[in-house]
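Chemist: give me the fold of what follows.
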Amino acid sequence: MSDSLRYVKLTENLAVSPQIQVDDMPAIAAAGYQVVVNNRPDGEAMGQPCSDDMAAAAVAAGLEYHYYPLNAFNYPGADVGAMAALFDGPRAVFAFCRSGTRSSNLWISSRSGEEQDKARQHAQQLGFDVSMSMR
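Modeler: Prediction:
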């Protein structure tokens, strides 16, 4: 992966990252990830790549792409079950947003019962603000 690409592995098959670029998709695929989840709404910041461009780059790199934009108003989104299925599936998932925080909180919220508390503690130990998942 490029020197500027930073990510944190939450599980063996799930990594979260701050904003990535179109040019990062081949490196993400080369690192063994098979699915990319974009949790950042289009137009959130100037210069941010749009989802359509990210999707095209992901597909060109052989990756499956999902656009699941989140913000404080729509968190945790309309289909947490679908996200849980991706996060828990056999394929390696690379999720990103502005800082990795929303993606981390979505993973926490997609857990059930006791698993959610363990996930929250794990993400917090990795340095993430987990307050979104406490709603």
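Chemist: ramachandran angles for the residue nearest the centre of the chain?
Modeler: Computing the C-alpha centroid of the chain and ranking residues by C-alpha atoms, centre = their mean puts residue 95 first, at 1.9 Å. When read as degrees, to the nearest 10, the backbone of residue 95 gives phi -110, psi 140.
Chemist: does it really touch residue 105, like I thought?
Modeler: No. Judged on C-beta atoms under 8 Å, residue 95 makes no contact with residue 105 at a distance of 10.7 Å. Where you see a C-beta, it was placed from the backbone N, CA and C, and this is true even at glycine.
Chemist: and the strands in this protein?
Modeler: Secondary structure of the chain (DSSP state E): strands located at 8-11, 14-17, 35-38, 64-67, 93-96.
Chemist: export the last one as CSV, just CAs?
Modeler: C-alpha atoms of strand 93-96 as CSV (Å, rounded to 0.1, in the frame of the first residue of the first chain):
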residue,chain,number,x,y,z
VAL,A,93,-13.3,-5.9,4.0
PHE,A,94,-11.7,-2.5,3.9
ALA,A,95,-14.0,0.2,5.2
PHE,A,96,-13.3,4.0,5.1
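Chemist: all helices of the protein, in order?
Modeler: Using DSSP state H, the helices of the chain run over 25-30, 51-60, 80-88, 101-109, 113-125.
Chemist: which elements pack onto the first one?
Modeler: Contacts of helix 25-30 with other secondary structure elements, assessed using 3 or more C-beta pairs under 8 Å, 6 or more residues apart in numbering; DSSP states H and E, are made with helix 51-60.
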